[in-house]
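Asker: Following is a predicted model, sequence given first.
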Amino acid sequence: MKKISIISGGSSGLGLAIAEFIVKEGKDVLILGRDNDKLTRAARKLSRISSTSHISTLVCNIGKESDIKLTGKFLKDHKIVTEYLFNNAGRGLITGAGTSTSEMIDDVFEPNLKGMILLTSEILRITPEKEELTIVNIMSTSALFGRDNETIYCAAKWGARGYTEALRTELKGTNRNIIAVYPGGMKTDFWSVIGEKQDITNFMDPAEVAKKIVGAVLDTKGLIVSDITINRKT
Ligand SMILES: NC(=O)c1ccc[n+]([C@@H]2O[C@H](COP(=O)([O-])OP(=O)(O)OC[C@H]3O[C@@H](n4cnc5c(N)ncnc54)[C@H](OP(=O)(O)O)[C@@H]3O)[C@@H](O)[C@H]2O)c1
C-alpha cells in the first residue's frame, strides 16, 4: 500500500502551504477542493517543489457525501493508505447575529463542520486498523473564543472542536492520532471569499503557520503534540 497525505482545501491558502511542506519532505499528497482549475494550478506549483513526490488532485466538495465516497473509492482503487489527513477546508462569514439565514448556516457549516466529519469518517472506515493515521483538524482561534459578528463561524468551529475532542476520546489507545490546530488571522483568500474589507496587512503568513504545523505533526519521536494554537507575536 502506498502512503499519502490528504489535504482538504489544499488548492489555496494554508492548505496549499501545508501541502508544500509535506511535499518538501518527499511525501505524496492528495489535495481536495471544489474548483478543478485551482487544483490544477496548485498541483503544478507542488510538482515544481519535488520531482519524487506524487501529487494527486480530486474535485471534492467535502460537504457532499457522494463526493466523499468517490474519494474513498479513489484511495481504495489505487491501493493508497492515508498517513496524514489535514482537515483544512473552511470558509468564514462576518455578519450580525440578527441577520442569519439558513443558506448562510449551510455555507459555513458545510466545509467547517459537516465536511470535516464526513471526510474523517470515510478515511477512518477505509484505513486498516494496523496502519498509523494522524488526523489534523485545522480550526481557528474562533473555536476558543466567542467573537462578535462571527456567531455562525464560531458555532461551526466550536462544533469542529467538540467533534475533535470526542474523536480523540473515542480513538484513544488505537493507531489514530488526533491533533487540533487553532490558528489566528492569516493573509489568505479567506477574507476575499467573505467579501469583507478587513485590513490583513499584519496577519500571519500562511507559509509560516504551515511550517509550524507540519514541523509539529511530522516530528513525533515517540511524542505527540496534541493541540497547537498559533498567533502573531503582537
Ligand atoms: N485566513 C484566516 O485568517 C484564518 C484564520 C483562522 C483559521 N482559518 C481556517 O484555516 C483554514 C484554511 O483557510 P484559508 O485561510 O487558507 O482560506 P482559503 O485560502 O480561502 O482556503 C480555503 C480552502 O478550502 C476549500 N474549500 C472551501 N469549501 C470547500 C468544500 N466545501 N469542499 C472542499 N474544499 C473546500 C477552498 O477551495 P474551493 O473554494 O476551490 O473549494 C480553499 O482551497 C479554514 O478552515 C479556515 O477556517 C483561517
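Answerer: Yep, it's here.

Asker: tell me the mean pLDDT over stretch 112-132?
Answerer: Regarding stretch 112-132, the rounded mean pLDDT is 98.

Asker: got the end-to-end distance for it?
Answerer: Taking CA to CA, to the nearest Å, the first and last residues of stretch 112-132 lie 25 Å apart.

Asker: neighbouring contacts of that stretch?
Answerer: 1, 6, 8, 32, 61-63, 65, 68-69, 71-72, 75-76, 81-83, 85, 87, 89-91, 133, 135, 137, 153, 156-157, 159-160, 163, 167, 174-177 (CB atoms under 8 Å, 6 or more residues apart in numbering). Any C-beta I mention is one placed from the backbone N, CA and C, and that applies to glycine too.

Asker: what's Leu167 in contact with, if anything?
Answerer: Thr120, Ile135, Ile178.

Asker: Any residue of the lowest-mean-pLDDT helix or strand in the chain touching the ligand?
Answerer: Within the chain, confidence by mean pLDDT, DSSP states H and E is lowest for helix 190-194 among all helices and strands, at a mean of 91. Yes: residues of helix 190-194 are located near the ligand by CB under 6 Å from any ligand atom, namely Phe190, Val193.

Asker: Which positions in the helix or strand that contains Ala43 come out as buried?
Answerer: Taking DSSP states H and E as the criterion, Ala43 maps to helix 36-49. For helix 36-49, burial by neighbour count (16 or more other CB atoms under 10 Å) applies to Lys38, Leu39, Ala42, Ala43, Leu46.

Asker: just stretch 104-123 next, same as before
Answerer: Quick answer for stretch 104-123 (16+ other CB under 10 Å): 107-120, 122-123.

Asker: to the chain's geometric centre, what's the distance from the helix or strand harbouring Ala155?
Answerer: Assessed by DSSP H and E, Ala155 sits inside helix 151-170. How far helix 151-170 lies from its chain's middle: 14 Å, per CA atoms, centre = their mean, to the nearest Å.

Asker: Now, the contacts of Leu167 that are in helices?
Answerer: If you go by DSSP state H, these have Thr120 in helices.

Asker: Does stretch 171-189 reach the ligand?
Answerer: Yes: applying CB under 6 Å from any ligand atom, one finds stretch 171-189 touching the ligand at Pro183, Gly185, Met186, Thr188, Asp189.
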